[in-house]
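# coords please:
(one chain, ligands or ions: 2)
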Amino acid sequence: MRTLQGEFDGSGLKIAVLCTRWNDDVVDRLVDGAMDVLSDCGVDDDDITLVRVPGAFELPLVADRLADRYAEDGGLDGIVALGAVIRGETPHFDYICTECAKGLSATALEYGLPVGFGVITADTAEQADARAQADEDHNKGAEAASAVVEMITLLRSIED
Ligand SMILES: Nc1c(NC[C@H](O)[C@H](O)[C@H](O)CO)[nH]c(=O)[nH]c1=O
Ligand SMILES: CC(=O)[C@@H](O)COP(=O)(O)O
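Ligands and ions are numbered 1, 2, ... in the order given. A predicted model of the protein is given here:
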């Protein structure tokens, strides 16, 4: 039986980290978690581009624009999308979360580009805080970055 599995060797990879300004007290900790994982995987700091967008609703458009501009020429190997959407009084939360996830997934599929979904969707600030801890097992940014590196290497193994 043949098994295909990604690795966590990020040497030479070019990664874009997208993050929101909304809830930056949480999101900045997701960025820290993602950067720590990318560094641990051997991604060169000079090969990481950090892009800040207003909110989670804007993540897909910027992800799509980056993919369209850089994915084809080898200028981008993966995207880590980070945000924190915290439910309020109205259904606004649902629309933001749905469109954010749908849009990021559409870009991944359209360009064959790994996009890590590091967007916390929480009912309370406490839930969001619990998913942005320094411990990478409790940090959605670390989780998303790890998934991107693994997916890039897995997809390359399929192409071989
Ligand atoms: N409430 C949250 C938002 N709302 C803003 C939207 O994402 C968007 O920027 C606005 O609707 C303008 O288009 N964004 C978050 O990332 N997190 C939230 O909790
Ligand atoms: C998730 C959001 O958009 C947040 O701003 C909640 O806003 P609202 O209380 O108006 O639903």
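
# checking my notes, R52 in a helix, right?
No: counting by DSSP: H, G, I helix; E, B strand; the rest coil, R52 is not found in a helix; it is strand.

# show me what contacts it?
R52 is in contact with L18, C19, T20, R21, counting by CB atoms under 8 Å, 6 or more residues apart in numbering. C-beta here means a position set from N, CA and C on the backbone, and glycine is covered the same way.

# ok, now how distant is C97 from V27?
The gap separating C97 from V27 is 15 Å, by CB to CB, to the nearest Å.

# for the contacts of R52, which one is nearest D36?
C19 (14.4 Å; CB to CB).

# any idea of the pLDDT on the closest residue to that closest one other than its chain neighbours?
Once flanking residues are discounted, C19 sits nearest to L82: 4.3 Å by CB to CB, 6 or more residues apart in numbering. For L82, the model assigns a pLDDT of 99.

# quick one: secondary structure of A84?
Put simply, A84 is strand when judged by three-state DSSP.
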